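*Asks:* missing the sequence, but the structure's below:
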């Protein structure tokens, strides 16, 4: 071995400088070619699962190692990559074992019987399983990326007055640029309330990862709410919608999580009252009386008495007639000057003045 090495050294020393440079370049080029061939001839890895909980990632990698499936980790262990031709087969294998669980445990925990389990242990396992099932259901909503549900279910009592109501709190992480409508939030609250015994909507609180309270019936008067709470709810929803749209637009330029957007709007909730007086005919061809006036004549001596009724007021007028039938007021009747413009429908005959 030493003889071979000595021979190579002597050969290298006998070469000229130009030959040495050319030989070194050839060696480096060959090494790079070998590296590229090894890199591109390897298996193509594709994501098996992304955004995994650490507990799920640890369990999945254990199963992959037991089955002899090569894998790679990325994104701080939250993403697992496997060879492209094994992606779907591996997913089926993991699904048969209930993986991934999404970081929660559902009612599959009751598939096995635990010896020596007390009633308190069973109730605790039931609560954890119910929280997991509700979490999985809420995660199925398009706008929600992740969710956590926490339940407090007090034990039942023999006396109704001593039975405490259940409570629930929900933490939601929305997808970037997405928001929930009030109808969707109330739907989530109704879903939880109908899934847990002795749980009322006013005992449910829903918040997002930014700390915004999305649902809290304890501060209002129920599902309908007062007028003020409805106005504040509408104002908050509109502000959140505008802020979400602005944030989504700016994050495309500056990057996700690098934009803070606050919106404050003023809405006009003034009430306008309008009154209309509409006259309509009681029948198709008939008319409708809007006002009515009645004239009654009495004859006393040569002075006719004109009784003029308008609505509920009555005037007795002593007057005389001229030849044209125009009503002329008496000299001392100054309070009825407004009647001087009245005319009879036809002139009175002179014979009508005779008694």
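*Replies:* In hand now; what should we look at? Keep in mind that this is a model prediction, so the values were computed, not measured.
*Asks:* can you tell me the element the closest residue to residue 152 other than its chain neighbours falls in?
*Replies:* Excluding its sequence neighbours, the residue lying closest to residue 152 (C-beta to C-beta, 6 or more residues apart in numbering) is residue 167, at 4.6 Å. For every residue, glycine as well, the C-beta is placed using N, CA and C. According to DSSP states H and E, residue 167 maps onto strand 166-174.
*Asks:* report the buried residues of that strand.
*Replies:* 166, 167, 168, 170, 172, 174 (16 or more other C-beta atoms under 10 Å).
*Asks:* the closest residue in space to residue 171 that isn't next to it in sequence: neighbour count?
*Replies:* Ranked by C-beta to C-beta, 6+ apart and with sequence neighbours excluded, the top spatial neighbour of residue 171 is residue 148, at 4.4 Å. Using other C-beta atoms under 10 Å, residue 148 is surrounded by 17 other residues.
*Asks:* how is residue 148 assigned, secondary-structure-wise?
*Replies:* Put simply, residue 148 is strand when judged by DSSP: H, G, I helix; E, B strand; the rest coil.
*Asks:* which strands or helices does the strand holding residue 167 pack on?
*Replies:* strand 144-152, helix 182-193, strand 199-208 (3 or more C-beta pairs under 8 Å, 6 or more residues apart in numbering; DSSP states H and E).
*Asks:* for the ones you listed, give me JSON lines that also has mean pLDDT.
*Replies:* Output for the helices and strands packed on strand 166-174, formatted as JSON lines (pLDDT from 0 to 100):
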{"stretch": "strand 144-152", "mean pLDDT": "90"}
{"stretch": "helix 182-193", "mean pLDDT": "88"}
{"stretch": "strand 199-208", "mean pLDDT": "89"}
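*Asks:* distance to residue 114 for the ones you listed - can I get that in JSON lines?
*Replies:* Below are the helices and strands packed on strand 166-174 laid out as JSON lines (distance: least, C-beta to C-beta, whole Å):
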{"stretch": "strand 144-152", "distance to residue 114": "21"}
{"stretch": "helix 182-193", "distance to residue 114": "27"}
{"stretch": "strand 199-208", "distance to residue 114": "27"}
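*Asks:* quick check: residue 244 touching residue 176?
*Replies:* No. Using C-beta atoms under 8 Å, residue 244 is not in contact with residue 176; the gap is 9.2 Å.
*Asks:* neighbour count: those two, which is higher?
*Replies:* Applying other C-beta under 10 Å to residue 244 and residue 176 shows that residue 244 carries more neighbours, namely 17 against 12.
*Asks:* hang on, the more buried one in a helix?
*Replies:* Yes. The assignment for residue 244 (three-state DSSP) places it in a helix.
*Asks:* which residues sit in contact with the residue nearest to residue 171?
*Replies:* By C-beta atoms under 8 Å, 6 or more residues apart in numbering, the residues touching residue 148 are 135, 170, 171.
*Asks:* return the member of the residues you listed nearest to residue 92.
*Replies:* Nearest to residue 92 among these is residue 135, at 23.8 Å by C-beta to C-beta.
*Asks:* which other helices and strands does the helix or strand containing the closest one contact?
*Replies:* Using DSSP H and E, residue 135 sits within helix 119-139. The contact analysis (3+ C-beta pairs under 8 Å, 6+ apart) places helix 119-139 against strand 144-152, helix 182-193.
*Asks:* compute the inter-axis angle for that helix and strand 199-208.
*Replies:* 60 degrees (axes from the mean of the first three to the mean of the last three C-alpha atoms, to 10 degrees).
*Asks:* dump the helices and strands packed on helix 119-139 to JSON lines, plus distance to residue 295.
*Replies:* Formatted as JSON lines, these follow (distance: least, C-beta to C-beta, whole Å):
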{"stretch": "strand 144-152", "distance to residue 295": "80"}
{"stretch": "helix 182-193", "distance to residue 295": "66"}
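*Asks:* under the pLDDT cut-off, which ranges of the stretch 201-350 of the chain? List them.
*Replies:* Within the stretch 201-350 of the chain, the set of residues satisfying pLDDT under 70 comprises 217-229, 279-290, 296-350.
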